[in-house]
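Visitor: could you work out the structure for the sequence below:
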Amino acid sequence: MYCPNPECLDFIEDGVPGEYVDTVSVCPKCGTRLVAGPPPEALGGSPQEARARAAGREDDPAVEVASFGSRQDAELAAGSLIARGIEAVVLADDAGGEFAGFGSVAGVRVLVPTSRVAEALALLEEPEPQGGEA
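Guide: This next block holds a predicted model:
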């Protein structure tokens, strides 16, 4: 298991993703859901290149489509995009929720592949359905 978050302290400090045993499912340093298996062999490069790999592909790098004040709001937005078939990743500096009450200085960001930005923005701007009688 490894942490795919290029903004995780492990990656920032060591230049490689943090690796964990199979019984750990969330990175203890950044709160990102871990990916099964060993990390990719050649994950190096600039932080911008690493962020591009976090969602999308190297030929279709990820870009920010939204920023939220809380991880929960960002996860809801990303989940909505994923449910509609758009790859999305949440990047946060909230220590995996350890300091959730303090919020995030940089905001909690949602990234999608460049090729899906317009579609993602349109979906995120849709009004939420109001509860009512069915």
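Visitor: contacting residues around the closest residue to Ser115 other than its chain neighbours?
Guide: In space, and not counting its chain neighbours, Ser115 is closest to Asp60: 5.0 Å by Cβ to Cβ, 6 or more residues apart in numbering. Where you see a C-beta, it was placed from the backbone N, CA and C, and this is true even at glycine. With contact taken as Cβ atoms under 8 Å, 6 or more residues apart in numbering, Asp60 is in contact with 113-115.
Visitor: can you add neighbour count and give those residues back as TSV?
Guide: Shown next, in TSV, are these (neighbours: other Cβ atoms under 10 Å):
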residue	neighbour count
Pro113	20
Thr114	16
Ser115	15
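Visitor: which members of the residues you listed occur in strands, if any?
Guide: Pro113 (DSSP state E).
Visitor: tell me the one among the contacts of Asp60 nearest to Cys8.
Guide: Distance to Cys8, by Cβ to Cβ, is smallest for Pro113 among the contacts of Asp60, at 20.5 Å.
Visitor: show me what the closest one is bridged to.
Guide: Ala62 (DSSP bridges).
Visitor: correct me, but it touches Val89?
Guide: No - contact between Pro113 and Val89 fails when scored by Cβ atoms under 8 Å: they sit 9.8 Å apart.
Visitor: on that earlier part again, could you dump the contacts of Asp60 to TSV with pLDDT and distance to Gly15?
Guide: Formatted as TSV, those follow (pLDDT from 0 to 100; distance: Cβ to Cβ, whole Å):
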residue	pLDDT	distance to Gly15
Pro113	88	24
Thr114	88	25
Ser115	89	28
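Visitor: tally of neighbours for Asp22?
Guide: 8 (other Cβ atoms under 10 Å).
Visitor: state the distance from the closest residue to it other than its chain neighbours to Ile12.
Guide: Nearest non-adjacent residue to Asp22, counting by Cβ to Cβ, 6+ apart: Met1, 5.9 Å away. Separation of Met1 from Ile12 (Cβ to Cβ, to the nearest Å) stands at 19 Å.
Visitor: so who does the residue nearest to Asp22 touch?
Guide: 19-22, 24-25, 34-37.
Visitor: quick one: the strands in this structure?
Guide: Counting by DSSP E, the strands of the chain are 62-68, 89-91, 108-113.
Visitor: right, I'll call it a day here.
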